[in-house]
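Undergrad: Take a look and give me a structure for this.
(2 chains)
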Amino acid sequence: MESLVGNIDLKESLKQHLEQQLSNASSYLKEISINSFDKFEKLGFPTIKNEDWKYTNFSTVLKNNFQLSNENSLTYEQLSKLLFSKLQGNILVVVNGIYRPEFSTILEKENTLQVRKINNLSKEFIEQHLSKTLAVSDAMTSLNTAFASQALILQIPKGKVVEHPVYLYFIASSDSNIFFHPRTIVVAEENSQIKLAEIHQKQGNHISFSNAFTDIYLDKDANVEYYKIQPDQEEHYHVGTTQVVHKEKSCFCGTTITLGGTIVRNNMNLILNSNHCDSTINGLYVGNNNQHIDNHSLVDHAMPNCLSNELYKGVLNGKSTGVFNGKIFVRQDAQKTNAFQSNKTILLSKDATMNTKPQLEIFADDVKCSHGATIGQLDDEPMFYLRSRGLSESSARMMLVSAFAQDIIEHIKLEPLKELMVTMLEETLIQN
Amino acid sequence: MSENIKVLEEITSSEYKYGFVTNIESDAAPMGLNEDTIRFISAKKNEPEWLLEWRLKAYRHWLTLEQPTWQNLKIPEINFQNIIYYSAPKKKPQYNSLDEIDPELRDTFNKLGISLTEQKRLSGVAVDAVIDSVSVTTTYKEKLGELGIVFCALSEAVHTHPDLVKKYLGAVVPMTDNFYTCLNSAVFSDGSFVYIPKGVRCPMELSTYFRINAENTGQFERTLIIADEEAYVSYLEGCTAPMRDENQLHAAVVELIALDKSEIKYSTVQNWYPGDKEGKGGIYNFVTKRGICSGVKSKISWTQVETGSAITWKYPSVILKGDDSIGEFYSVAVTNNYQQADTGTKMIHIGKNTKSRIVSKGISAGRSHNSYRGLVEIMKRADNARNFSQCDSLLLGDRCGAHTFPYVEVRNNTGKVEHEATTSKIGEDIIFYCNQRGIATEEAVALIVNGYCKEVLNQLPMEFAVEAQKLLAISLEGSVG
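TA: All right, here's what the predicted structure looks like:
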C-alpha cells in the first residue's frame, strides 16, 4: 500500500544514474538491478500514508537536489579526522557507497576474512545472497538493491575466527548534497565468528542521505556480534536496514546506538529460520533539537526452540521525536519460542514526542512472549535524593540519564568501543 | 490429552444455546439500501424533518466511502444491498404492565434467562428490551421518571426530548467517523436513550437486551447516554442472536457524554451467534463505541465480555477532555473455532491530570484469531496524564493466534505511560497441580481462566458477572492443548 510521492525528477535522475552504473556490470546483476528499480518505481518513495512509515516523513528532504554519483575529493587527512583512533582492528572504509581499499587496513589473513566486491563473485553467490531481497516490498530496500552492483562482501570461511574486530566506516563526502546506497553482505560460514561495527560518518556541511542495507547470513553455529553506531552529526539523513538470517544454533547480538542524524530510520530484521537460534538486539537513541529517530524491528520466529531478546531505550530532549515499532511474529511451527521485547523512553522536555508500537503476532501456543513499553520523565525521588546530597540539578539529571542509557552500553562486549560510546554519550548529553 | 480432545469435541459440537427464532410478524422494509429505504425508516418512526436530513446526509457520505481494510480480520465481502435495514415487530402496542406483552416475545426473554418479571421482582433491573430494532418495553420507567431520569427508546426521545437528541446525537461519534458509523447514521432503527439529570444517582442498573431476530436484518441500533453534572449511571447491555446460516451484520453506535463530576459505567456481555464449528454463519459485529469525559473530574468506564460473533470489530474509546477525568477499559474477549476478534480501545488524553487504565484479556482457542488494538495518546496540553495498559493473551490450542497492536503516542513529557503484554498458554504444571488435587482438567481450565479474567469480571455488576463466568466456562471447557 505504498503510494507515490511527487519527486519525479529524483526518480528520473536515479534511473539515469543506474543505467550509467550498470554499463560494466554482469548481465545477471543487471537483471536484478533493473527488476529492483522497477519495483521501486512502482512503490515510490514511502509516505506517511504507509503504515510502516506512519511517523517518519522524508518527503521534505527528498525535494532537494542531490548528487547521485560517488565522486568525491576526500583526502586521507580529511578521512583520518573521521576515524576513531581508539578503535584498532580491521578498518574498512566505504565512501559514498563505494569500498575504498586504499583507505582500508586489513590485519586479518585472507583465509580468515575475505573482503571483495560483488562483481568479482559467482552467479550462485549472488543468487543465494542478493536476489532474496527482491521479494521485500519496501521501496527503500528495492532502491538499495537496484544499486547493489557496488556491494561490499565480507566472508568468513568455515571454522574461522576473525581475531580483530572489523570497523566498517560509511563516509558521506561530497561538495554538494549527496544521496547514496551502500550495500554490505556479511556471510559467516559454519562455526565462524566475527565482531563487526558499522560506523556512519559524514564529512562537509552538505545534506547527505544514505539508504543503507546490510545483510548478515549466519550459517550453522556461527556467532556474530554487530554494532551500528551513528555519532552526532548535522544535516544527515539515514535509512538503514540490517537483515539477519539465522541457521541452526547460530547466535547474533546486535546493538544500534543513534546519537546523531536529522532523520534516522533504522530497520532491524531478524529471521530465525532454524532451530535453537539465539538473537539479542539492543538499541539506544538520544535525540535533541529537531532530530527524528525511528527504530523499527522485526523478529520473525519461523522455527521452534529459538530465543530472542530485545531492549530499546531512548532519551529525547528539545523538539526531538522518537519512534519505536517492534514486531514479533511467532509462526505456527515455532513452538517453544521465547521472545521478549521492551522499550523505555524518557522525555526530558515538553516538546519531545515519542510514538511507540510494540506489536506481537502469535500463531503458536507453546510460547512465552512478552512486550512492554514505558514513556515518562525522570522520577522525582532519585532526583531529590541526589539534590539533597548537594548535586546541582544539571549534574543530577546527567547522572540519572546516563545511568538509564548505561543499560545498553554495558551490553557492548567490545571494550574499546564501549569506552568510546561512554565518552560519546557524555558529550552528547552535555551538549543537550 | 485424549480426554481433552473429547471434551473439546463435545463443546464444539454443542449447539448454540440461544439459537431459536421467535415467530413474531415483522413489519420490514424491502431489501436493499437507497434513499427510499431511509425515507421509509424515517417515516415509519414518524421522525422530524431534521433527522431525515441528517440520515440522508450520512447516506450520501457513506456512498463515497469504502470498507476499511486495515484491521487484522478476514471479512468476506458484504453485499449491502442484500440486507433488510428495518424490521419491527408489527404494531407497537402500548403496555401498562408486563403481562400485556406478546406471550411469544415473553417466551423469548424467558429462554434467554432474562425474564422481565423475574428481574423486576428480584434484581431491580430496569430492562429496555430491543428486539430487532424497536424498543418493545421499558420497565421501571415510571419509577425512574420520578427522579427525572429519562430512559426510553431513542425514537421516542426524538419526540419527547428533541433538544437533547439534537445537541448530542453524533457529538461524540460524528456520522462521518468511519464506514460503519456512517452506515449506522443513515439507517439506525432504534436504540436506547438515557439522560440522568444534575446530581442524580441512578438507583438501579439500566439495561437493554439486543436480539437480532428476523432473517437477513442488520441491526443498527444507536445508544445515547448523557450524564449531567454530578450524575451517576450504570448501564448494561446484553446481546444474543438466534442461529442463522447467513452472516448477519450488526453495526451499532454508542455515544456516552459525561459532564462535570459525573460517572458512566457501561458494561456489555456479548454472546451473539459465533457461527458453527466450520466457521459458517455468525454475526458480524462492527461497533463504534465512544465516550467523552467533557466535564472536569468525570469518569467513563467500559467493561466488556465478548464471547460471541463470527467477527468482532470494536474499540470502545474515551476522550478525556475534562481536567482530572478518568477513563477505564476492561475487556475479556474469547474466540473459538473460526471466530475473529479485533478489539481494544482508544484513550485520548486532552485534559490535565487525566488518567486511564486498560486491562485486556484475550483468550483464543480452536482456529480463531484474537487481536488487541489500542491507542493511548497524550496530547500536548495534557499535563501529568497517566496511563497503565495491560493486555494478556492466553492461547488454547496450536492453531489459534493472538496478536497485539498497541499504539502509544506521547507529546507531553509529564505524561507517564506504561504498557505491558504477555502471551502464554496454560502451563501443564498448573493443570497437573489441579489434577493432583482431584480437579478434572476441564474444571481446572475453567478455574484458571476465571482467575485470569477476574480483574475484568470483578468490574461487572453482579448479575452479569455470574452470566459472564458461565459463558466463559461454556466456551472454553477442555480446550487445553
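
Undergrad: When you work out contacts or count neighbours from here on, use the C-alpha atoms and nothing else.
TA: OK.

Undergrad: can you give me phi and psi for the residue in the stretch 1-150 of chain B that chain A sits nearest to?
TA: Closest to chain A within the stretch 1-150 of chain B is residue B:70: 9.2 Å, counting by CA to the nearest CA. Residue B:70 has phi and psi values of phi -70, psi -20 when expressed as degrees, to the nearest 10.

Undergrad: OK, contacts around it?
TA: Residues near residue B:70 by CA atoms under 8 Å, 6 or more residues apart in numbering or on different chains: none.

Undergrad: hmm, try it at 10 Å
TA: residue A:51 (CA atoms under 10 Å, 6 or more residues apart in numbering or on different chains).

Undergrad: Would you mind giving me the confidence score for residue 408?
TA: Defaulting to chain A. If you check residue A:408, the pLDDT there is 93.

Undergrad: look at chain B instead
TA: 91.

Undergrad: partners of it in the sheet?
TA: Legend: beta-bridge partners of residue B:408 under DSSP bridges are residue A:356, residue B:376.

Undergrad: That one contacts residue A:372, doesn't it?
TA: No - with contacts counted by CA atoms under 10 Å, residue B:408 stays clear of residue A:372, the gap being 11.3 Å.

Undergrad: who has more neighbours, those two?
TA: Ranked by neighbour count (other CA atoms under 10 Å in any protein chain shown), residue B:408 and residue A:372 place residue B:408 first, with 25 against 21.

Undergrad: quick one on the thing from earlier: I'd like to know how far the residue of the stretch 1-150 of chain B closest to chain A sits from residue A:50.
TA: Distance, residue B:70 to residue A:50, using CA to CA, to the nearest Å: 11 Å.

Undergrad: can you tell me the helix or strand for the residue nearest to residue A:93 when sequence neighbours are not counted?
TA: Once flanking residues are discounted, residue A:93 sits nearest to residue A:169: 4.9 Å by CA to CA, 6 or more residues apart in numbering or on different chains. Secondary structure from DSSP states H and E places residue A:169 in strand A:166-173.

Undergrad: Name every strand pairing with that strand and say which way it goes.
TA: Short version: by DSSP bridges, strand A:166-173 pairs with strand A:90-95 (parallel), strand A:193-203 (parallel).

Undergrad: Which residues does stretch A:69-84 contact?
TA: Contacts of stretch A:69-84 (CA under 10 Å, 6+ apart): A:14, A:17-18, A:20-21, A:91, A:93, A:95-98, A:102-103, A:167, A:169, A:171-176, A:178-181, A:199-204, A:417, A:420.

Undergrad: now those residues: which count as buried?
TA: A:14, A:18, A:91, A:93, A:95-98, A:167, A:169, A:171-174, A:176, A:178-181, A:199-204, A:417 (16 or more other CA atoms under 10 Å in any protein chain shown).

Undergrad: for chain B, what helix or strand is lowest in average pLDDT?
TA: helix B:116-122 (a mean of 44; mean pLDDT, DSSP states H and E).

Undergrad: So which residues of the stretch 151-300 of chain B form helices?
TA: Ranges of helices in the stretch 151-300 of chain B, per DSSP state H, counting those that start in this stretch, are B:154-160, B:162-168, B:179-187.

Undergrad: Can you add distance to chain A, mean pLDDT and mean neighbour count and give those helices back as CSV?
TA: Below are these laid out as CSV (distance: least, CA to the nearest CA, whole Å; pLDDT from 0 to 100; neighbours: other CA atoms under 10 Å in any protein chain shown):
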stretch, distance to chain A, mean pLDDT, mean neighbour count
helix B:154-160, 38, 86, 18
helix B:162-168, 32, 90, 14
helix B:179-187, 18, 88, 27
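
Undergrad: what does the stretch 51-200 of chain B put close to chain A?
TA: Proximity of the stretch 51-200 of chain B to chain A, by CA under 10 Å from any CA of the partner chain, involves residues residue B:70.

Undergrad: neighbours of residue A:129, just the number please.
TA: By other CA under 10 Å, neighbour count at residue A:129 equals 15.

Undergrad: Leaving out the residues flanking it, which one is nearest to it?
TA: Residue A:129 sits nearest to residue A:185 (CA to CA, 6+ apart), 7.7 Å away.

Undergrad: quick one, which of the strands paired with strand A:166-173 is nearest to residue A:427?
TA: With CA to CA as the criterion, residue A:427 lies closest to strand A:193-203 of those, at 16.6 Å.

Undergrad: Can I get the closest one in PDB? Just the C-alpha atoms.
TA: Taking C-alpha atoms only, strand A:193-203 is exported to PDB below (Å, rounded to 0.1, in the frame of the first residue of the first chain):
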ATOM      1  CA  GLN A 193      33.000 -15.800  14.400                       C
ATOM      2  CA  ILE A 194      33.200 -12.100  13.700                       C
ATOM      3  CA  LYS A 195      32.800  -8.800  15.600                       C
ATOM      4  CA  LEU A 196      31.600  -6.100  13.300                       C
ATOM      5  CA  ALA A 197      30.900  -2.400  13.900                       C
ATOM      6  CA  GLU A 198      29.300  -0.200  11.400                       C
ATOM      7  CA  ILE A 199      30.100   3.500  11.900                       C
ATOM      8  CA  HIS A 200      28.300   6.100   9.900                       C
ATOM      9  CA  GLN A 201      30.200   9.300   9.500                       C
ATOM     10  CA  LYS A 202      29.900  12.400   7.400                       C
ATOM     11  CA  GLN A 203      32.300  15.000   6.000                       C
END
